[in-house]
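[1] Sequence and predicted model, in that order:
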Amino acid sequence: MFRQIILVLALIASPAVHAHGMRISVTPAQDGVAGRVWYSDETPGAGNAVSLVDAAGRELASTISDAEGRFAFSAVAAGDYAVVAEGEEGHRAEARIAYAPAAGPVSAAGVEDAKLTALLRAELQPLREDIARFEQRIRLHDLIGGIGFIVGLCGLLVAWRARRRR
Amino acid sequence: MHISEGVLSWPVLAGGAAIAAAAVGVGLRRLPDERIPVAGLLCALFFVAALIHIPVGIASVHLVLNGLCGVLLGWAAFPVIAAALTLQALLFGFGGLSTLGVNILVMGMPALIAAAAFRARCAAPWPSSAACC
């Protein structure tokens, strides 16, 4: 009996694998696009290959995310892009962005629109990252809903078998 | 372990889905009525366990529990894993719907191996599980 318990404990522990959902967010930055890669347990996705893909599916540039999971692509032309992060063990996350460079005439207040846009983008970036993180966070009601589904599936199976037997 | 969308080519995905569907069918046939509550309980455990992260060095791991499913349910671990993985893909965004088949096999095969290893190691049958394996 004791040996069985040890074996079951070993079986619970051994198939633990480094894997969860990978997430990505991307926002327009001063002269390109920037963003962040992270995992569903809120650890940064450091050292992942991130590539910038245009609407036709061509890879324009690629980089590696830093220790905080951040990446940036500079000198990007206006257009629609997809940013794809690929990690180990089959992890992959993709985000889309419509980018327009900060540019424009001098406004009435005497501030160049381009500078103002760049400033706003820099100020808003943490906020946008927070929104992306909150949107993709796993919530308690997802968990409870899933358990409810499992109970329902068991009930369905039992009901189906009971019907067939009659 | 949760392979995401767009990583594998479609022949691998289609093959994985076909084999996984067959394995789930076999599993459902080998699940006796009185084991359905245990299967549901393990399914819920498996579903939740992926959220429990344990830091190991710089990385973190999460529990899979497929070995336990295999030991307690044998072939019936396949439908349990299939249901839990489908819900994880839909609600948590772990893996993807197109890679479901491959992921079921990746987690279900070790469950079968664990079941075989357990039975080989412990000659005495696990209480009340002799009927299902």
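    Thanks, I have the structure now.
[2] Tell me if residue A:26 really is in a helix.
    No - going by DSSP: H, G, I helix; E, B strand; the rest coil, the assignment for residue A:26 is strand, not a helix.
[3] Enumerate every residue touching it.
    Each residue near residue A:26 by Cβ atoms under 8 Å, 6 or more residues apart in numbering or on different chains is listed here: A:33-35, A:83, A:95, A:97. Every C-beta, even on glycine, is put in place using the N, C-alpha and C of the backbone.
[4] Now, those residues that are in strands?
    Applying DSSP state E to these, the entries found in strands are A:33-35, A:83, A:95, A:97.
[5] Residue A:121 is in contact with residue A:102, isn't it?
    Yes - between residue A:121 and residue A:102 a contact is recorded at 6.8 Å, counting by Cβ atoms under 8 Å.
[6] Go ahead and flag the most central residue of the chain.
    Just so you know, I chose chain A. Taking Cα atoms, centre = their mean, the centroid of chain A lies closest to residue A:23, which sits 1.6 Å from it.
[7] if you could check chain B rather than the one you did, that'd help
    residue B:81 (3.2 Å).
[8] quick one: contacts for that one?
    Applying Cβ under 8 Å, 6+ apart, we find residue B:81 in contact with B:46, B:66, B:69, B:104, B:107-108, B:111.
[9] send the alpha carbons of the longest helix anywhere in chain B over as CSV?
    Counting by DSSP state H, the longest helix found in chain B is helix B:100-121. Below are the C-alpha coordinates for helix B:100-121, written out as CSV (Å, rounded to 0.1, in the frame of the first residue of the first chain):
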residue,chain,number,x,y,z
LEU,B,100,-6.5,19.8,-30.0
GLY,B,101,-6.0,16.4,-31.5
VAL,B,102,-2.2,16.5,-31.2
ASN,B,103,-2.3,17.9,-27.7
ILE,B,104,-4.7,15.1,-26.6
LEU,B,105,-2.2,12.5,-28.0
VAL,B,106,0.8,14.3,-26.4
MET,B,107,-0.9,14.2,-23.0
GLY,B,108,-2.8,10.9,-23.4
MET,B,109,0.0,8.7,-24.5
PRO,B,110,2.0,9.3,-21.2
ALA,B,111,-1.2,8.5,-19.4
LEU,B,112,-1.4,5.1,-21.0
ILE,B,113,2.3,4.5,-20.4
ALA,B,114,1.9,5.4,-16.7
ALA,B,115,-1.0,3.0,-16.5
ALA,B,116,1.1,0.2,-18.0
ALA,B,117,4.0,1.0,-15.8
PHE,B,118,1.8,1.1,-12.7
ARG,B,119,0.3,-2.3,-13.4
ALA,B,120,3.7,-3.8,-14.2
ARG,B,121,5.1,-2.5,-10.9
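[10] what about it, near chain A?
    Yes - using Cβ under 8 Å from any Cβ of the partner chain, helix B:100-121 reaches chain A at B:110, B:114, B:118, B:121.
[11] Neighbours of residue 112, how many?
    Answering for chain A, as no chain was given. Number of residues near residue A:112 (other Cβ atoms under 10 Å in any protein chain shown) recorded here: 15.
[12] switch to chain B, that's the one I care about
    18.
[13] quick one, the helix or strand where the residue nearest to the centre of chain B lies and helix B:100-121 angle?
    Here residue B:81 sits within helix B:77-87, counting by DSSP states H and E. With axes from the mean of the first three to the mean of the last three Cα atoms, to 10 degrees defining the directions, helix B:77-87 sits at 140 degrees from helix B:100-121.
[14] Check which element follows the helix or strand bottoming out on mean pLDDT in chain B along the chain.
    Within chain B, confidence by mean pLDDT, DSSP states H and E is lowest for strand B:59-62 among all helices and strands, at a mean of 64. Per DSSP H and E, the first helix or strand lying C-terminal to strand B:59-62 is helix B:66-73.
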